[in-house]
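Engineer: generate coordinates for the sequence data below:
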Amino acid sequence: MRFNFFHLMPYDVFPERVEQWPVDNSEFDAEIARRLYQEYMDTMVYAEECGWDSIGCNEHHFSPYGLMSNCNLIGAALIQRTSRVKIAMFGNLVPLLNPIRVAEEYAMLDVISGGRLMTGFMRGIPHEYIAYGIAPDESRPRLAEATQLIRKAWTEPAPFGWEGEYYKFRAVSLWPKPMQKPHPPIMYSGSNPDSARVAARNGMMLGMVFIPNLEAGRSVIDAYIDEARICGWEPGPEHILCGFHTCIAESDEAARENLARGVKYFMSILMSPQREAQQIVVQKSRYFGTDGSGEYFLQRLNHAGTRTIEGAIEDGTVICGTPETAVKQIKRIHAELGCGWINTNMKIGNIPNDVVRRGMELFRDHVHAEVRDLAKTPDTMPVMAMVGE
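Structural biologist: I've put the predicted structure just below:
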């Protein structure tokens, strides 16, 4: 079993609930943000000392929800301060960006890190398409085309041109190219069976950074495995990542109290302004297509924050408790989902950093060794060529 240390870098001193997005930035304090960046970076580097296999960076826009508007900058800084851990870019919101720029920057990071890069191709949150002036209806086809273009840029041995529906480049020839061959491992964000099938058809890792329940997660994984077999390859645990809010403490009661407090702040303060914006975009666009995923997303959005921590523990969607409790929960996750990677998000809402770091130490001292052999994930990450190439 392998573990990714995920961090949203929230602006966790936002004073009050707001409903409107974009969030008025008159409350932003650059000195506070500078302190948070330093604190969060130190914590992420500490994850290497505590035995995590990778450190995860992500990208979000126009909200105190997360201060990482360019995850590649954070990734570059982490590379300079670490030596062993993989840097997991989970990741660039590819449909909102220039795909050649993404290919170039990921290639640079892979070379600078000595081949420690893991990449993620994400669609992002629906309302972020409004922020960047991109039609939400185009999110899926843009991601599909950009994925093909980036992989070609990484692997093509000679300059080439590209005439696609959304992207056109007269000449492409990357300098540098990635260190890992044929390219760094790619995780494709798949929260529904259709996205999972896309990941399988393209020989990519499947990543569910957060899952609503174990049953839903299993259905997505089954779709991924079935499609991969149709395409002639067999996914292993190392190809599947599942994410969970994680809170470890000396007692189950303390862990539940800490997580409940952090989730309440996260949902009522940090997520509140995004909720209505997401609803509007999903209802008035084809961001989710016509497969029913939009209705399911809205149901999850409307019920987010209403479930108790006890209910989430029962559903298997959080890792929360003492180290002994966490070991049992991780074993259940592995038994039901078969994933070889677990994405741990320990800085939820306004959980204090000292509580996060103490949880990391308990995880290091009492959890890692107990679950390491659950999934026989290889020390080297899968680096797969395009299925059918």
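Engineer: around residue 362, count how many other residues there are.
Structural biologist: Neighbour count for residue 362, taken as other Cβ atoms under 10 Å: 18. Backbone N, C-alpha and C define where each C-beta goes, glycine included.
Engineer: I figured it hits residue 246, correct?
Structural biologist: No. Assessed by Cβ atoms under 8 Å, residue 362 is found out of contact with residue 246, at 10.8 Å.
Engineer: what's the overlap in contacts for the two?
Structural biologist: Listed as contacting both residue 362 and residue 246 by Cβ atoms under 8 Å, 6 or more residues apart in numbering is no residue at all.
Engineer: restrict stretch 7-15 to CA atoms and write it as PDB.
Structural biologist: What follows is stretch 7-15, C-alpha atoms only, in PDB (Å, rounded to 0.1, in the frame of the first residue of the first chain):
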ATOM      1  CA  HIS A   7      -2.900  19.400   0.800                       C
ATOM      2  CA  LEU A   8      -5.500  22.000  -0.400                       C
ATOM      3  CA  MET A   9      -3.600  24.900   1.200                       C
ATOM      4  CA  PRO A  10      -6.800  26.600   2.500                       C
ATOM      5  CA  TYR A  11      -7.000  30.200   3.700                       C
ATOM      6  CA  ASP A  12      -8.200  28.900   7.100                       C
ATOM      7  CA  VAL A  13      -8.700  32.300   8.800                       C
ATOM      8  CA  PHE A  14     -11.600  33.400   6.600                       C
ATOM      9  CA  PRO A  15     -13.800  35.200   9.100                       C
END
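Engineer: can you give me the offset of stretch 330-343 from its chain's centre?
Structural biologist: The chain centroid and the centroid of stretch 330-343 are separated by 16 Å, computed with Cα atoms, centre = their mean, to the nearest Å.
Engineer: with stretch 272-291 instead?
Structural biologist: Stretch 272-291 has its C-alpha centroid displaced from the chain centroid by 20 Å (Cα atoms, centre = their mean).
Engineer: buried ones in that stretch?
Structural biologist: 272-275, 277-279, 281-282, 285, 287-288 (16 or more other Cβ atoms under 10 Å).
Engineer: pLDDT (mean, whole number) over that stretch?
Structural biologist: What stretch 272-291 shows for mean pLDDT is 69.
Engineer: quick one: contacts of that stretch?
Structural biologist: 17-23, 63, 65, 125-127, 129-130, 135-137, 139-140, 192, 194, 294, 297-298, 301, 304.
Engineer: which of these are buried, as a PyMOL select command?
Structural biologist: Applying 16+ other Cβ under 10 Å to these, the buried members can be selected in PyMOL as follows:
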select buried, resi 21+23+63+65+125+126+127+129+130+136+139+140+192+194+294+297+301
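Engineer: hey, which helix or strand in the protein has the poorest pLDDT?
Structural biologist: helix 293-303 (a mean of 59; mean pLDDT, DSSP states H and E).
Engineer: next structured bit after that helix?
Structural biologist: Counting by DSSP states H and E, the element after helix 293-303 in chain order, helix or strand, is helix 309-315.
Engineer: report all helices and strands that whichever helix or strand comes after that following helix contacts.
Structural biologist: Counting by DSSP H and E, the element after helix 309-315 in chain order, helix or strand, is strand 318-321. Contacts defined by 3 or more Cβ pairs under 8 Å, 6 or more residues apart in numbering; DSSP states H and E place strand 318-321 against strand 240-248, helix 252-265, helix 309-315, helix 323-337.
Engineer: gap between strand 318-321 and the chain center?
Structural biologist: With Cα atoms, centre = their mean as the basis, strand 318-321 stands 19 Å off its chain's centre.
Engineer: next one: stretch 136-146
Structural biologist: The answer for stretch 136-146 is 18 Å, by Cα atoms, centre = their mean.
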